[in-house]
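Engineer: Only the shape, not the letters, is given here:
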């Protein structure tokens, strides 16, 4: 046979996605700086140098150069709040990125399966019944898990495409719980319960306690560690079920594990912080722009960036005005315009 | 590496798609699967790939019943090369090819140097190393198809299933892809390839099988079985075959 000239119409010539490891290190350094800086700002300012000494002194003996007030503010007030904001930011972005992989859709967010509406219903019910803060957290957490389990169960029973079933069931069950929450608001005492419910739903880290941090850190670790370990396989899932299976993946099992882990960390986040939207959508998207779509780098990048982002927003929330602004409002104020900017911007790396 | 299908039948709820289909492909053979749209070519492939489990009959891969293989074990033996298609997220060509090695990576690991070498080797073999760091989604259809073939090679399975690999390619890319496929068969890969163009079977295949109404209408060497009568039967088009130095040329009678 005659050898003909090779004919390949080639369009794009720019290499993409190189140096992700260095990018991750830079993001990590940024988080570390933000973390330390967050301790120093507030109504009672503490120099960063003293912050470092106070934190170190908990681990190794250091001569005290700071006042007792400084230590109280840093350790008792700011430490729990800063830890909580970073953990929740990290968790919500991880969950968002994971759901996006499962649903092969960059617009999926942590509440796609009704985790948030379920949590809101549980919290509202607990407030209506006069539960303590701990009760409210627990009710929100369990109600969120039950909601997603219901969604998953319905989607498994229905015929047809599993991914589409999950999304539809998520919308239906989610709106059912939203209706339930509305009804609780209607019958709640308008002088104290209704404002409490409304305020809870806006989301806030004020009054975070170390005990709460301890409560959420377990389910978050249980969700995030497995997701980090199987992050390569999430890539395969985004190719679609058939192709993933021929590449050797047990798609139903993998999807179940990813949904279970992502739901666990979403439920844990929402139960202590209330409804904080946009983080789980915007941060994975931003991370995709920075390190590409490969979950090997995307998942760590989302974790780090999510923690940094929520820390910064929480700093704004507690410092911008004399009265604290609920963080859920701020993430929407920052997240929505930022997202519009991202989608309008000329695509460079993706 | 061989595939043997014995008395395969498959039905979607009420409609019979495949009835009592038996065929085999031996080591290093390129088997072209012909037949009109909706005749069950894709279903046949889906059964072999384990995507449809509810079939009657047996599929033996390397003399092992396919029913007893897990997805991971099956991926060791058969690689699937889909038609080029849009994907939700764009990956680099290297990542895309690396995904072929997934069945060799532990569930809780990421591809290592060994897998990277396999991916780069596959890209080199197909002559597309220059695309390694490019965005898969922005490649031309022919390049994407070659990348998907490279992914199958990185998968290190000796049997390749290709579902109409040339369906959305221009004239030049069709011949580019098919010549690469032919080379792979010469290197010892067993290849099942469905195609809409009977000419491709004559030019490139060792064996051809024609499906019609869920059964096998013809099976054998393409020179023997692909003739004017078969093409009229399959597609309802009157053609004549012209004998040339390059082999039989199918020409429609206008």
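Structural biologist: Looks like it came in fine. This structure is a prediction, so every number in the text was calculated from the model and none was measured.

Engineer: For chain B, what's its nearest residue on the stretch 151-300 of chain A.
Structural biologist: Across the stretch 151-300 of chain A, the shortest distance to chain B (Cβ to the nearest Cβ) belongs to residue A:248, at 3.1 Å. No exception for glycine: its C-beta is placed from N, CA and C like everyone else's.

Engineer: wait, isn't that residue in contact with residue B:71?
Structural biologist: Yes: between residue A:248 and residue B:71 there is a contact under Cβ atoms under 8 Å: 5.2 Å.

Engineer: between those two, which one's more packed in?
Structural biologist: When residue A:248 is set against residue B:71 and neighbours are counted by other Cβ atoms under 10 Å in any protein chain shown, the residue ahead is residue A:248, at 24 against 19.

Engineer: helix or strand for residue B:209, which one?
Structural biologist: The secondary structure element spanning residue B:209 is strand B:207-212 (assigned by DSSP states H and E).

Engineer: And the contacts of that strand?
Structural biologist: Judged by Cβ atoms under 8 Å, 6 or more residues apart in numbering or on different chains, the contacts made with strand B:207-212 from elsewhere in the structure are B:21, B:23, B:25, B:29-36, B:39-41, B:44, B:198, B:201, B:216-222, B:225-226, B:230, B:233-234.

Engineer: Phi first, then psi, for the residue of the stretch 151-300 of chain A closest to chain B.
Structural biologist: As for residue A:248, its main-chain torsions (degrees, to the nearest 10) stand at phi 100, psi 20.

Engineer: Mind pulling up the pLDDT for it?
Structural biologist: Predicted confidence (pLDDT) for residue A:248: 93.

Engineer: which residues sit in contact with it?
Structural biologist: If you count contacts by Cβ under 8 Å, 6+ apart, then residue A:248 has B:71, B:72, B:73, B:74, B:75, B:76, B:102, B:103 around it.

Engineer: among those residues, who's most crowded?
Structural biologist: Ranked by neighbour count under the definition other Cβ under 10 Å, these are headed by residue B:75 with 26 neighbours.

Engineer: who does the helix or strand encompassing residue A:71 touch, helix- and strand-wise?
Structural biologist: Applying DSSP H and E as the criterion places residue A:71 in helix A:68-71. With contacts defined as 3 or more Cβ pairs under 8 Å, 6 or more residues apart in numbering or on different chains; DSSP states H and E, the secondary structure elements packing on helix A:68-71 are helix A:48-57.

Engineer: next structured bit after the helix holding residue A:71?
Structural biologist: helix A:79-102.

Engineer: Next one: the closest residue to residue B:185 other than its chain neighbours from residue A:66, what distance?
Structural biologist: Taking Cβ to Cβ, 6 or more residues apart in numbering or on different chains, and ignoring the residues beside it in sequence, residue B:185 has residue B:30 as its nearest neighbour in space, at 3.9 Å. Counting by Cβ to Cβ, to the nearest Å, the gap between residue B:30 and residue A:66 amounts to 77 Å.

Engineer: Show me which of those two is the more surrounded one.
Structural biologist: residue B:30 (25 against 17).

Engineer: For chain B, give me its nearest residue in the stretch 51-200 of chain A.
Structural biologist: Using Cβ to the nearest Cβ, residue A:104 is the residue of the stretch 51-200 of chain A that sits closest to chain B, at 3.9 Å.

Engineer: sec struct for that residue, please.
Structural biologist: Here residue A:104 takes the coil state, with states given by DSSP: H, G, I helix; E, B strand; the rest coil.

Engineer: Surely it touches residue A:241?
Structural biologist: No: taking Cβ under 8 Å as the contact criterion, residue A:104 and residue A:241 are not neighbours in contact, 9.4 Å apart.

Engineer: Touching both of those two, which residues are there?
Structural biologist: When contacts are counted by Cβ under 8 Å, 6+ apart, residue A:104 and residue A:241 have residue A:163 as shared neighbours.

Engineer: Could you tell me which of the contacts of strand B:207-212 belong to strands?
Structural biologist: By the criterion of DSSP state E, membership of the contacts of strand B:207-212 in strands covers B:21, B:23, B:25, B:30-34, B:216-220.

Engineer: ok, those vs residue A:109, which is closest?
Structural biologist: Looking at those and their distance to residue A:109, the nearest is residue B:33, at 42.9 Å (Cβ to Cβ).

Engineer: Please work out how many residues are found near the closest one.
Structural biologist: Based on other Cβ under 10 Å, the number of other residues close to residue B:33 is 27.

Engineer: And for residue A:245?
Structural biologist: In terms of burial, residue A:245 registers 21 neighbours under the definition other Cβ under 10 Å.

Engineer: check contacts around it.
Structural biologist: A:251, B:49, B:50, B:51, B:71.

Engineer: Mind listing what's buried along whatever helix or strand it lives in?
Structural biologist: When elements are defined using DSSP H and E, residue A:245 is found to belong to helix A:241-246. The neighbour-count check on helix A:241-246 (16 or more other Cβ atoms under 10 Å in any protein chain shown) flags A:241, A:243, A:244, A:245, A:246 as buried.

Engineer: now stretch A:311-322
Structural biologist: For stretch A:311-322, a neighbour-count test (16+ other Cβ under 10 Å) marks A:311, A:312, A:313, A:314, A:315, A:316, A:317, A:318 as buried.

Engineer: for stretch B:18-37, same thing?
Structural biologist: For stretch B:18-37, the buried set under the neighbour-count rule, 16+ other Cβ under 10 Å, comprises B:18-19, B:21, B:23, B:25, B:28-35.

Engineer: do the same with stretch B:106-119
Structural biologist: B:110, B:111, B:115, B:118, B:119.

Engineer: I'd like the average pLDDT over that stretch.
Structural biologist: Confidence over stretch B:106-119 (mean pLDDT, whole number) is 91.

Engineer: Give me the contacts around that stretch.
Structural biologist: In this structure, residues lying in contact with stretch B:106-119 by Cβ under 8 Å, 6+ apart are A:229-233, A:296, B:94, B:97-98, B:100-102, B:104-105, B:150, B:154, B:156.

Engineer: I would like a PyMOL command selecting only the buried ones among these, please.
Structural biologist: Buried residues within the contacts of stretch B:106-119, by 16+ other Cβ under 10 Å, are selected in PyMOL with:
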select buried, (chain A and resi 230+231+232+233+296) or (chain B and resi 94+97+98+100+101+102+104+105+150+154+156)
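
Engineer: buried set for the helix holding residue A:71?
Structural biologist: In helix A:68-71, counting by 16+ other Cβ under 10 Å, buried: A:70, A:71.

Engineer: Would you mind listing the outside residues contacting that helix?
Structural biologist: A:44, A:46, A:50, A:54.

Engineer: Show me which pair in those is furthest apart.
Structural biologist: Spatial extent of the contacts of helix A:68-71 (Cβ to Cβ) is set by the pair A:44 and A:54 at 13.0 Å.
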